[in-house]
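In: Quick one: sequence and predicted model below, then my questions.
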Amino acid sequence: MNAQAVIQAEGLTRHFGAVTAVNGLNLQVQRGEIFGLVGPDGAGKTTTVRLLCGLLDADGGRAAVAGYDVASNLDAMRDRIGYMAQRFGLYTDLTVEENMAFYADLFGVTGSERARLMERLLRMTRMEPFRSRAAGKLSGGMKQKLSLMCALLHRPEVLFLDEPTNGVDPVSRRDFWTILYQLAQDGMTVFITTAYLDEAERCNRVGLMSGGRLIRCESPRALREAIKETCWEVGGSRLRELRRFLRNLPGVESAEPAGATLHVFTTPGETGRKLESAVRQAGFEDAAFRAITPSLEDVFVALVEANTSGETAHGSQ
């Protein structure tokens, strides 16, 4: 393993019965990096986080976090990480400040250090006016901020966040990411799973996960530039029928809805004029093709579909 990486996994594998949730994961995350793990439901994101945090035992491979092997040095590793699960898990009948004090006791943070950390976190999250409010009466975004503060009370080296902004309003999401940038600037490593592709754009690197496998891992810009296929925006009426027709055309890799249009990936060299001619001959007279730069969401959908198609083909052999 690379001694410089703060999070490492080699061949990490976990099964649930006949299902392989994580399949031979190889990964390295550097200090101070914001790393995003993105994938559809059931891709293995949450299982990966739980394996790295030592909340699940691996069936194969190994992992190390903050310099400690997860299997053999679990207690030492846990002292150096913060973990925030998908669901709000704090005490709803306690106030914001009481929840923080409870977790400070668990972490053994006392005295002047405790008071200083609590005040700093309340300022950072702009939660000072709500310190005496019961956690159960907080908004969704405020609950997530409280969970984050409790995960940070012992000043971890590595912070694991499992879809922390799921269902949170846009303003709270923006505030949350402002906090994450500040933590990364201070040298903390942030590992986040997210279902939001606009959040993935904010990460230093993104891992795309599908069917338990890490299928691509690059910076958002490198992911977009690595796509060799041409991306087309296709407008017209009868889009559902047009999509079915396009997906059966030679040279079309994928065709997916994108608002009031379709985004279509084709093999390199395939021209819009040729495709327009084919679809119009099939009765889609108003179809129009325009070459566009793919978004990270376009890339993600195309890669996942290609990976799924490859698995299906492999399984049918």
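Out: Yep, that arrived.
In: pull the helix or strand with minimum mean pLDDT from this protein.
Out: helix 296-315 (a mean of 67; mean pLDDT, DSSP states H and E).
In: What spatial separation is found between the closest residue to A260 other than its chain neighbours and G272?
Out: Leaving aside its sequence neighbours, A260 sits nearest to G235 (C-beta to C-beta, 6 or more residues apart in numbering; 7.4 Å). (C-beta placed from N, C-alpha, C; glycine too.) Noted for G235: a distance of 12 Å to G272, by C-beta to C-beta, to the nearest Å.
In: what does R216 give?
Out: 26 Å.
In: R202 now?
Out: Taken as C-beta to C-beta, the span from R202 to G272 is 32 Å.
In: Likewise for A134?
Out: Taken as C-beta to C-beta, the span from A134 to G272 is 58 Å.
In: Same question for R280.
Out: From R280 to G272 the distance is 12 Å (C-beta to C-beta).
In: Those two: which is more packed in?
Out: More crowded of R280 and G272, by other C-beta atoms under 10 Å: G272, with 17 against 14.
In: That one: what's it in contact with?
Out: Listed by C-beta atoms under 8 Å, 6 or more residues apart in numbering, the contact partners of G272 are W232, F289, R290, A291.
In: Quick check: closest non-adjacent residue to the second one.
Out: Spelled out, it's F289. G272 is the one closest to F289 (C-beta to C-beta, 6+ apart), at 3.6 Å.
In: Tell me how far that neighbour lies from A287.
Out: Applying C-beta to C-beta to G272 and A287 gives a distance of 10 Å.
In: quick one: stretch 120-127 to chain centroid distance?
Out: Distance of stretch 120-127 from the chain centroid (C-alpha atoms, centre = their mean, to the nearest Å) equals 25 Å.
In: buried set for it?
Out: Across stretch 120-127, burial judged by 16 or more other C-beta atoms under 10 Å covers L121, L122, M124, T125, M127.
In: Isn't the second one up against P129?
Out: Going back to what we said before, that points to L122. No: between L122 and P129 there is no contact under C-beta atoms under 8 Å: 9.2 Å.
In: so where's the stretch 51-200 of the chain uncertain?
Out: Within the stretch 51-200 of the chain, no stretch falls below the threshold (pLDDT under 70).
In: ok, now with 90
Out: 85-90, 106-114, 140-141, 144, 164-176, 194-200 (pLDDT under 90).
In: residues in contact with E98?
Out: E98 touches Y91, counting by C-beta under 8 Å, 6+ apart.
In: Right, I'll call it a day here.
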